[in-house]
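>>> requesting a structural model of the entry that follows:
(one chain, ligands or ions: 3)
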Amino acid sequence: MATAAEKTGAAPEAGALTDGFHLVIDALKLNDITTIYGVPGIPITDLGRFAQAAGMRVLSFRHEQNAGYAAAIAGYLTQKPGVCLTVSAPGFLNGLTALAHATTNCFPMILISGSSEREIVDLQQGDYEEMDQLAVAKPLCKAAFRVLHAQDIGIGVARAIRAAVSGRPGGVYLDLPAKLLGQAMDAAAGAKTLVKVIDPAPRQIPAPDSIARALDVLKSAKRPLIILGKGAAYAQADDAIKALVEKSGMPFLPMSMAKGLLPDTHPQCAGAARSLVLQDSDVVMLIGARLNWLLSHGKGKTWGKGPKKFVHIDIEPKEMDSNVEIAAPVVGDIASCVSALLDGMGGRWQAPPAEWTEAVKAKRDENVAKMAPRLRNNNIPMDYQGALGALRTIIQQRPDAILVNEGANTLDFARSIIDMYQPRKRLDVGTWGVMGVGMGTAIAAAVVTGKPVLAVEGDSAFGFSGMEVETICRYNLPVCVVVFNNGGIYRGTDVNPSGGADAATTVFVKGARYDKMMEAFGGVGVNATSPDELSRAVNTAMDSGKPTLINAVIDEKAGTESGRIGNLNPQSVVAKK
Ligand code: ADP
Ligand code: TPW
Ligand code: MG
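Numbering: from 1, shown residues only. Ligands and ions are numbered 1, 2, ... in the order given. Next up, the predicted model:
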């Protein structure tokens, strides 16, 4: 058992007091949580101040949702829960979207919210910012806790941390009523209540027979495929995954945020032959990827006519058979599962038939060659290919930069055009395809990694978190935002069908200058109308590390409705477009 001095670094003086504020801070620090993303106000203003005074990095945002998205992606990048701190009711609700997003994406995050007086809230007597926050949060996160006594803060924080990172990671809610923060107790006794979480995300070793079964299925394959998901990127088992892919000789397909786990230019990468490998493969091994809508639920036209067998590696047993039958479920943490598979493959592993790997390679080369000239176009106004062709070269030359990406066409084209070379460098809208993650994600990525960040944003997408450019300037972060300004959602060309004076529902102000927003806070703003101009401006920004926003003028006719997922729009039988 650690002594109080070991836990907090210094022995409290006899008779000294501590309080809820300081116990929360000590509990976080004891567990190596050193950054808080939040928005101050009653009752947590002093909690943020005291945390900053205690040496934590406390980053204040302009809206809790963005602070929450920052915390969520910090969790993904570090395997430690990202912490978001909000005020009661409205601040809490603003943070809740991000908490739900973290849970949906399996990112470890803790939303800590101040809350109002329990006695008044529970009798619904109309307290300041009254809300039963714990009840509201519960269905949207992995676990939710409330602490009422200062001596329980250590346990409360420990439970929150363990719940966020163990098993399938996710969002956790921690409710701290105002009264708790002011509760005083003897400092030495308080220090003893703190808990250092030992082995917060224990390895989960797969059963040996599940490995043997998986290897049997893989051996039977004529046209195997490996799909890498963001769970594989999260697991930070990069070398083992690379070794498995290369030893197997199988083509691999990275999901959006798994791009770069192995370089997109790797000879086995089937990213540019996606349709072919999904349709024609006979055995598919999923590593940290779910068969959700992003993979058409593992069935239907996308997956072709022939029978498929799935090997599925995931830490969450309930994920197995969620959409289709899994022939070989492998339940465990990815690092342990992949190394067990590697061991089981032994020294001599039969490569997949050359007929298959050659077919995949031919399709890939054909598609890449078809795209190449379009990416070199210097059209004005720019189209997606010309503008993204320029950014593609920049990431190729700066492979350790982080790419943040959201929008519809801006997302779909960037995902397929910009090759990634290193793990966890591509951060995007995730499982929900949510707009608004951009600036929070860019800020946390810069803070956590210290690397330059390039945020490629649709003009609509950017609008959801645009005010955080002030935050980027305030903390002087090396973030270059490129707004793909096509004057609207999907396209800038819609007209009001009623003939009335209001703009159509999907269009924005023509000729808007988003670059001026960055200038308003002391950052650099650039208006770029050609791929060459865009390329120069981004390179300058990334060399200087200065907060920069480039308004990239994109042809308002270039995009398509909903980008690549227009098929998900319900169709009216009455009005045909
Ligand atoms: P993508 O969107 O990239 O396809 P998903 O978010 O659908 O990826 O899937 C990620 C999966 O990874 C989740 O099912 C999650 O349970 C799993 N996962 C996350 N971390 C680990 C880990 N360390 N070991 C095993 N599985 C993990
Ligand atoms: C929280 C619906 C999906 S994509 C998108 C919206 C509003 C914006 C697309 O326009 P953008 O990109 O960003 O300008 P581009 O290149 O096609 O013009 N609210 C939330 N999430 C989602 N996904 C939506 C609305 C949507
Ligand atoms: Mg747009």
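>>> separation between Leu403 and Asn485?
Distance from Leu403 to Asn485, counting by Cβ to Cβ, to the nearest Å: 19 Å. (Each C-beta comes from the backbone N, C-alpha and C, glycine too.)
>>> comparing the two, which residue is more hemmed in?
Neighbour comparison, Leu403 and Asn485: the larger count goes to Asn485, with 29 against 24 (by other Cβ atoms under 10 Å).
>>> just grab the bridge partners of that one for me.
Val553 (DSSP bridges).
>>> whichever residue of the stretch 151-300 of the chain sits closest to ligand 3: what's it in contact with?
Using Cβ to the ion, the single residue of the stretch 151-300 of the chain nearest to ligand 3 is Ser256, 18.9 Å away. For Ser256, the contact set (Cβ atoms under 8 Å, 6 or more residues apart in numbering) comprises Lys230, Leu294, Arg415, Arg426, Asp428.
>>> from those, which land in strands?
In strands, defined here by DSSP state E, the members of those are Arg426, Asp428.
>>> JSON lines for the contacts of Ser256, including pLDDT, neighbour count and distance to Val495?
Below are the contacts of Ser256 laid out as JSON lines (pLDDT from 0 to 100; neighbours: other Cβ atoms under 10 Å; distance: Cβ to Cβ, whole Å):
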{"residue": "Lys230", "pLDDT": "98", "neighbour count": "27", "distance to Val495": "39"}
{"residue": "Leu294", "pLDDT": "98", "neighbour count": "15", "distance to Val495": "33"}
{"residue": "Arg415", "pLDDT": "98", "neighbour count": "23", "distance to Val495": "30"}
{"residue": "Arg426", "pLDDT": "99", "neighbour count": "26", "distance to Val495": "36"}
{"residue": "Asp428", "pLDDT": "98", "neighbour count": "23", "distance to Val495": "31"}
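>>> can you narrow the contacts of Ser256 down to the ones near ligand 1?
The subset of the contacts of Ser256 lying close to ligand 1, counting by Cβ under 6 Å from any ligand atom, consists of Lys230, Leu294.
>>> now the two most distant members of the contacts of Ser256.
Leu294 and Arg426 (14.4 Å; Cβ to Cβ).
>>> just to revisit the earlier point, distance of the residue of the stretch 151-300 of the chain closest to ligand 3 from ligand 2?
14 Å (Cβ to the nearest ligand atom, to the nearest Å).
>>> next, that residue: phi, psi?
Main-chain torsions, Ser256, degrees, to the nearest 10: phi -50, psi -50.
>>> now the phi/psi pair for the residue in the stretch 451-577 of the chain that ligand 2 sits nearest to, please.
With Cβ to the nearest ligand atom, the shortest gap between the stretch 451-577 of the chain and ligand 2 falls at Gly458, namely 2.0 Å. In terms of degrees, to the nearest 10, the main-chain angles of Gly458 are phi -60, psi 150.
>>> secondary structure element for the residue most central in space within the chain, which one?
Centroid check for the chain by Cα atoms, centre = their mean gives Ile73 as the closest residue, at 4.7 Å. Per DSSP states H and E, Ile73 falls inside helix 64-78.
>>> just Leu181 next, same as before
For Leu181, the host element (DSSP H and E) is helix 178-182.
>>> who are the packing partners of that helix?
Identification of packing neighbours for helix 178-182 by 3 or more Cβ pairs under 8 Å, 6 or more residues apart in numbering; DSSP states H and E yields helix 20-30, strand 109-115.
>>> in that helix, what counts as buried?
Going by neighbour count (16 or more other Cβ atoms under 10 Å), the buried part of helix 178-182 is Ala178, Lys179, Leu180, Leu181.
>>> before we move on, what about stretch 231-240?
Within stretch 231-240, the residues that count as buried by 16+ other Cβ under 10 Å are Gly231, Ala232, Ala233, Tyr234, Ala235, Gln236, Ala237, Asp238, Ala240.
>>> ok, the fifth one touching Cys337?
No. Here Ala235 does not reach Cys337: they are 9.2 Å apart, not a contact under Cβ atoms under 8 Å.
>>> Provide a list of residues in contact with whichever residue of the stretch 51-200 of the chain sits closest to ligand 2.
Nearest residue of the stretch 51-200 of the chain to ligand 2: Thr97, at 7.7 Å (Cβ to the nearest ligand atom). By Cβ under 8 Å, 6+ apart, the contact set of Thr97 is Gln65, Gly68, Val434, Gly436.
>>> can you give me the pLDDT of the residue nearest to the last one when sequence neighbours are not counted?
Okay, so that is Gly436. Spatial nearest neighbour of Gly436, excluding adjacent residues (Cβ to Cβ, 6 or more residues apart in numbering): Phe464 at 3.2 Å. At Phe464, the model reports a pLDDT of 98.
>>> likewise Gly15?
pLDDT recorded at Gly15 is 87.
>>> on the three-state scheme, it is what?
coil (DSSP: H, G, I helix; E, B strand; the rest coil).
>>> next, count neighbours for the residue nearest to it when sequence neighbours are not counted.
Closest residue in space to Gly15, ignoring its immediate chain neighbours: Asp186 at 7.8 Å, by Cβ to Cβ, 6+ apart. By other Cβ under 10 Å, 15 other residues sit near Asp186.
>>> which residues does Asp186 bridge with?
The partner residues for Asp186, given DSSP bridges, come to Leu17.
>>> surely it and Glu13 touch.
No. Using Cβ under 8 Å, Asp186 is not in contact with Glu13, being 10.7 Å away.
>>> which residues of the protein lie near ligand 2?
Proximity of the chain to ligand 2 (Cβ under 6 Å from any ligand atom) is limited to residues 407-410, 433-436, 458-461, 484, 486, 489-490, 559, 563.
>>> buried among these? Make that a PyMOL selection.
A single PyMOL command is used to select the members of these judged buried by 16+ other Cβ under 10 Å:
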select buried, resi 407+408+409+410+433+434+435+436+458+459+460+461+484+486+489+490+559+563
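>>> ok, Ser535 - contacts?
Per Cβ under 8 Å, 6+ apart, neighbours of Ser535: Ala390, Leu391, Thr393, Ile394.
>>> hang on, it is in a strand, isn't it?
No. Using three-state DSSP, the assignment for Ser535 is helix, not a strand.
>>> grab the nearest non-local neighbour of Ala150.
Gln183 (4.1 Å).
>>> check what pLDDT that neighbour gets.
On the pLDDT scale, Gln183 is placed at 98.
>>> that one - how many residues pack around it?
Residues lying near Gln183 (other Cβ under 10 Å) number 19.
>>> alright, I will stop here.
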